[in-house]
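S.K.: okay, sequence plus prediction incoming.
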Amino acid sequence: MTYHKVYRIPAHRYGIAGFEELPDKYYLTMEDTEKLLGYGLKYIREKFDGEAITWKYLGGLIHLEDLEYRHVIPYTELPRYEIAYAYENWKAEFLSTTEFHAFCHNHGFIHPPILCSTWEPISVESVAAIANQKSKYNSEHVMEGVIIINETFGVEGKLINPQYDDTVENESRRNKRLRKRNELKDE
């Protein structure tokens, strides 16, 4: 009962400085990357640095990111620890982004904010510029990366900031051992 693996955009193949293919990571094919970034309704949202969890809810599955404990990025302005990112009904069908946002609003879940939406093709360089913005939940840290969803073609991918990949292994292990908590906005 887990959300499917979201593959990375092979940004290094586009010559984006700082991006390289890493061992043990999964990458979209060039064909799927072109579908993802080409024409079609695309939503881009922040990717969070937490632990994926899935709960049974209303006959389906709600997929969330548990951000209570810090991995690498310290979140200091979270509205709550669980951020919902997808709902899968009993037929294993996912809600569209607008349906999902309405679902979250009606059922009291928090969803990731949309950073950008477009029908037009978008370049990897533009996605990298969006991913290089500050996190919505810590104005002093660049976000881990972004998730891109092309609803027209049913393709999803992610772009991870190189500086996140550089520190993830050591910091994540150390912070898990120390059990450092992220902060809620009202704490």
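M.R.: Received it, and whenever you're ready, just let me know what you need. Numbers count the residues shown, from 1 in each chain.
S.K.: how about the residue nearest the centre of the chain, nearest residue that isn't a chain neighbour?
M.R.: Nearest to the geometric centre of the chain sits residue 47, at 2.4 Å (C-alpha atoms, centre = their mean). Once flanking residues are discounted, residue 47 sits nearest to residue 145: 4.4 Å by C-beta to C-beta, 6 or more residues apart in numbering. (Glycine included, C-beta is placed from N, CA and C.)
S.K.: tell me where the protein has strands.
M.R.: 42-47, 51-57, 60-66, 82-88, 114-118, 134-135, 138-142, 145-150, 155-160 (DSSP state E).
S.K.: out of those strands, flag the one nearest residue 126.
M.R.: strand 114-118 (8.4 Å; C-beta to C-beta).
S.K.: nearest to residue 9, out of the strands of the chain?
M.R.: The closest of the strands of the chain to residue 9 is strand 155-160. By C-beta to C-beta, the value is 4.9 Å.
S.K.: pull the helix or strand with minimum mean pLDDT from the chain.
M.R.: One helix or strand of the chain scores below all others by mean pLDDT, DSSP states H and E: helix 162-178, with a mean of 64.
S.K.: re earlier: can you redo the strands of the chain as CSV with distance to residue 34 and mean pLDDT?
M.R.: Shown next, in CSV, are the strands of the chain (distance: least, C-beta to C-beta, whole Å; pLDDT from 0 to 100):
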stretch, distance to residue 34, mean pLDDT
strand 42-47, 13, 97
strand 51-57, 27, 94
strand 60-66, 26, 95
strand 82-88, 24, 95
strand 114-118, 15, 97
strand 134-135, 28, 94
strand 138-142, 27, 91
strand 145-150, 10, 96
strand 155-160, 9, 94
